[in-house]
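[1] Sequence plus the predicted model coming up.
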Amino acid sequence: DVKVTQSSRYLVKRTGEKVFLECVQDMDHENMFWYRQDPGLGLRLIYFSYDVKMKEKGDIPEGYSVSREKKERFSLILESASTNQTSMYLCASSLAGEGDEQYFGPGTRLTVT
Amino acid sequence: ILNVEQSPQSLHVQEGDSTNFTCSFPSSNFYALHWYRWETAKSPEALFVMTLNGDEKKKGRISATLNTKEGYSYLYIKGSQPEDSATYLCAPDPSWGKLQFGAGTQVVVTP
């Protein structure tokens, strides 16, 4: 079974803090993704990576950066957390790009106060 | 960014009844259409990935159809059971895995 794990289920941070969200997958997948989910909206893609050290911006990259130093690990970084980044963050991975299903982690509910 | 609409936003179904709901998206070129099921306190799970116009997929009591020319997909649940309660997400893939998710249809099945 593919397993995608995220470092925390719940996280509370203060405005201005630097926040790291970690994601690890155990199936040697090429692609990894970070989404955020807000009430009434669909999952929105923040960043994705199709290979180690490779990354591309998604639809809402502002205020975020990412790091992928190893194939299995993809980190989302909030350089200076703001209250409008309070959200549910989901990580996903897939074998390749076209037509492959994505496997999701359990999500991290981040609250920025 | 694609405009992906799912309707209805939510629906309540009696156990044993069948139901269906819609995903609409611009009928432009895209690689695939994904359906995911997201149960409360769990991770979204893939139900189907469809790529061809006229595609039909089935998994148990759940099935889906795809019309790429007119830009819609239907998901059907036959004989709904309480374990079908979840939010169902559709997501066209216009560009190499960069899924564009709709807001979902929340299904509540009552015994």
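    Sure thing, it's come through.
[2] The residue nearest to A:Glu30 when sequence neighbours are not counted - how many residues pack around it?
    Closest residue in space to A:Glu30, ignoring its immediate chain neighbours: A:Ala96 at 5.5 Å, by CB to CB, 6 or more residues apart in numbering or on different chains. The C-beta positions use only the backbone N, C-alpha and C, and glycine is treated the same way. Other residues lying near A:Ala96 total 12 when counted by other CB atoms under 10 Å in any protein chain shown.
[3] Tell me how far A:Ala96 lies from B:Gln81.
    34 Å (CB to CB, to the nearest Å).
[4] need the strands for the chain, in chain order.
    By default, I'm working from chain A. In chain A, the strands defined using DSSP state E lie at A:4-6, A:10-13, A:19-25, A:31-37, A:44-51, A:54-57, A:64-70, A:73-78, A:87-94, A:103-104, A:108-112.
[5] nope, chain B
    Going by DSSP E, chain B shows strands at B:5-7, B:10-14, B:19-24, B:32-38, B:45-50, B:56-59, B:62-67, B:72-77, B:86-93, B:105-110.
[6] Please see if the longest one touches chain A.
    Right, the one you point to is strand B:86-93. Yes. Strand B:86-93 lies within reach of chain A by CB under 8 Å from any CB of the partner chain, at B:Leu89, B:Ala91, B:Asp93.
[7] Against which helices or strands is that strand packed?
    Under the contact definition 3 or more CB pairs under 8 Å, 6 or more residues apart in numbering or on different chains; DSSP states H and E, strand B:86-93 sits against strand B:5-7, strand B:32-38, strand B:72-77, strand B:105-110.
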